[in-house]
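Trainee: quick one, fold the following:
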Amino acid sequence: MIKEITVSNWKSFESATCYIDPLTILIGANASGKSNLLDTFLFLSRIASSIGISQAINGDVHIPPIRGGFEWVCRKPHDTFTIKMIVEKSEKQDYKYAISVKVNDAKAEVFHEALSTLTYSGNHKHPKEKFLFKTAEQEAVTPGLPTYFYTGTQGRGKRIDLNRSHCMLSQAETLNLRKEVLDAVKKILGDFRGIFVFDPIPSHMRGYPPFSDTLLSDGSNIAGVLAGLESKRKEEVEELLTYYLRNLPEKDIHRVWAEPVGKFQADAMLYCEEGWGLQTNEVDARGMSDGTLRYLAIVTALLTRKENSLLIIEEIDNGLHPSRAHLLINMLKALGKKRSIDIIITTHNPALLDAAGNTMVPFISVVHRDDSTGASILTQLEDIAQLPKLMAGGSIGRLSADGSLERALNLEAGYWEKK
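Mentor: Predicted coordinates:
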């Protein structure tokens, strides 16, 4: 699974590193750069699916562009961005992957790309790095991009000229390479393909979708996914949905399920049974609240996505009453652990941060803009020098709501500049 990601000259970021934990929380004011950081993961998931670099950024008839497209994917005035990451391999080894992309008004192409293993030893301060493949930067003006693959012998390795319009990683998957290299390529691609950027839209969930194997990014086919599950798995998932949804609204939720509808039984509808005291009635998705549908969609994503994957959700508490924030946090922790799914979320909600509690401080990062350059900066909450003093006067939620965290970060930045 992905352990950390570093971006350089990506959108509003000059340079930033995000560490990925079982539950990672990003906070920050509007336009601070949270969405820009999350767009990195969308880009990686696209290029791993054999989509061209240009299409991954600017979109096409089938997929929308990443916010800003070609014009804003690089931090001004640069024309190249770089993404680096560390991916877990084993207890003593990781993979290191990097891709640099050059962008102009008409297209985007790979400028440099590399994959290596990092081996850790207690006797060495830094891990030992061994390349598995890398492109030749000095030959980057040639029509194809010369890529050298490790062969187990000394030297530059086996040269294969590959297409600049697609990442080398996806092209390498089909090549005749050393098993060690191919295993690494497939591992990285698998982790990238396991990234799911989820933006559930309640109004899209109220229709009659067809049966489906995979949840769509807007949650519109949630009923089709649930109805299409194998009977035993369907019963298990719907039981868990009911469990996690039961205490969300003021009324009691007795049951949540999906079932086939229509003459050919090929479409589905989502239902719940709710009650006040002894009275119960059935409601379909058209009668459920936006908050209920969003929460239900998030639980469904955690229950139906593949294990060892990454789920990303912006404004996760949108439509959720502050008094229910603890239910959301507890659900994310429990289901994420149960299904081995890492989760990255953003929030503006003080109640959610307070519900997370002080034990989550190491897993919260603040995104804010540098006062002088406008660049987005990512800082782990525990790295703010004034944090203990600030927390003595209020909770994390209050400090976030009144802007204390951003003021502390700007003051510290000014202090270090003077030093």
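
Trainee: dump the residue contacts of the residue nearest to residue 65 when sequence neighbours are not counted.
Mentor: Using Cβ to Cβ, 6 or more residues apart in numbering and skipping residues adjacent in sequence, the residue nearest residue 65 is residue 59, 3.6 Å away. Quick note: C-beta positions are derived from backbone N, CA and C, even for glycine. Going by Cβ atoms under 8 Å, 6 or more residues apart in numbering, residue 59 touches 65, 66, 69.

Trainee: please apply the same query to residue 184.
Mentor: Taking Cβ under 8 Å, 6+ apart as the test, what residue 184 contacts is 89, 95, 115, 117, 132.

Trainee: switch to 10 Å and redo it
Mentor: 87, 89, 95, 97, 115-117, 132-133, 150, 169, 172, 177-178 (Cβ atoms under 10 Å, 6 or more residues apart in numbering).

Trainee: so the closest residue to residue 137 other than its chain neighbours, which state does it fall into?
Mentor: Spatially, and ignoring its direct neighbours in sequence, residue 137 is nearest to residue 112 (5.3 Å; Cβ to Cβ, 6+ apart). Secondary structure for residue 112, judged by DSSP: H, G, I helix; E, B strand; the rest coil, is strand.

Trainee: what's opposite residue 112 in the beta bridge?
Mentor: Beta-bridge partners of residue 112, counted by DSSP bridges, are residue 100.

Trainee: can I assume it is in contact with residue 167?
Mentor: No - contact criterion Cβ atoms under 10 Å: residue 112 and residue 167 do not qualify, at 11.2 Å.

Trainee: those two: which is more packed in?
Mentor: Set residue 112 next to residue 167 and count neighbours by other Cβ atoms under 10 Å: residue 167 wins out with 26 against 18.

Trainee: would you mind measuring from the more buried one to residue 55?
Mentor: According to Cβ to Cβ, to the nearest Å, residue 167 and residue 55 sit 12 Å apart.

Trainee: got it, and residue 63?
Mentor: 7 Å.

Trainee: what's the answer for residue 133, then?
Mentor: Distance from residue 133 to residue 55, by Cβ to Cβ: 23 Å.

Trainee: pLDDT on stretch 313-326, on average?
Mentor: The average pLDDT for stretch 313-326 rounds to 91.

Trainee: so who does residue 103 touch?
Mentor: Contacts of residue 103 (Cβ under 10 Å, 6+ apart): 53-54, 57-58, 69-74, 78-81, 109, 111.

Trainee: how about residue 151?
Mentor: For residue 151, the residues meeting the contact criterion (Cβ under 10 Å, 6+ apart) are 157, 158, 177, 178, 180, 181.

Trainee: and for residue 310?
Mentor: 1-2, 20, 24, 41, 44-45, 191-192, 194-197, 341-344.

Trainee: which among these end up buried?
Mentor: Among these, those buried by neighbour count (16 or more other Cβ atoms under 10 Å) are 2, 20, 24, 41, 44-45, 191-192, 194-197, 341-344.

Trainee: between the residues you listed, which sits nearest residue 396?
Mentor: Nearest to residue 396, judged by Cβ to Cβ, of the buried ones among the contacts of residue 310 is residue 24 at 14.8 Å.

Trainee: neighbour-wise, which of the contacts of residue 103 leads?
Mentor: Counting by other Cβ under 10 Å, top hit in those: residue 57 with 26 neighbours.

Trainee: doesn't it belong to a helix?
Mentor: Yes - the assignment for residue 57 is a helix, going by three-state DSSP.

Trainee: wait, isn't residue 156 in contact with residue 135?
Mentor: No - Residue 156 lies out of contact with residue 135 (Cβ under 10 Å); the separation is 11.3 Å.

Trainee: can you pull the residues that touch both of those two?
Mentor: With Cβ under 10 Å, 6+ apart as the test, residue 156 and residue 135 both reach 146, 148.

Trainee: who's more crowded, those two?
Mentor: residue 135 (22 against 13).

Trainee: tell me what that one is bridged to.
Mentor: Beta-bridge partners recorded for residue 135 (DSSP bridges): residue 147.

Trainee: adjust the sequence numbering to begin at 55 for everything that follows.
Mentor: Let's use 55 as the start, then, which means that last one is residue 189.

Trainee: OK, contacts around residue 406?
Mentor: With Cβ under 10 Å, 6+ apart, residue 406 has these contacts: 79, 81, 370-371, 374, 376, 378-380, 382-383, 399, 450-451, 454.

Trainee: helix, strand or coil for it?
Mentor: Recorded secondary structure, residue 406: helix (three-state DSSP).

Trainee: just the ones of the buried ones among the contacts of residue 364 in strands?
Mentor: When the buried ones among the contacts of residue 364 are checked against strands (DSSP state E), the matches are 56, 78, 249, 250, 251, 396, 397, 398.

Trainee: for those residues, which one is nearest residue 434?
Mentor: Closest to residue 434, out of all of those and judged by Cβ to Cβ, is residue 78, at 10.1 Å.

Trainee: check contacts around the closest one.
Mentor: Applying Cβ under 10 Å, 6+ apart, the residues contacting residue 78 are 72, 364, 366, 396, 397, 398, 399, 400, 414, 417, 418, 419.

Trainee: would you confirm that the third one contacts residue 72?
Mentor: Read that as residue 366. No - taking Cβ under 10 Å as the definition, residue 366 is not a contact partner of residue 72, at 11.1 Å.

Trainee: mutual contacts of the two, please.
Mentor: By Cβ under 10 Å, 6+ apart, the residues touching both residue 366 and residue 72 are 78, 80, 91, 92, 94, 95, 398.

Trainee: what's the most distant pair in those?
Mentor: 78 and 94 (13.3 Å).

Trainee: common neighbours of the two, please.
Mentor: With Cβ under 10 Å, 6+ apart, residue 78 and residue 94 have common neighbours 72, 366.
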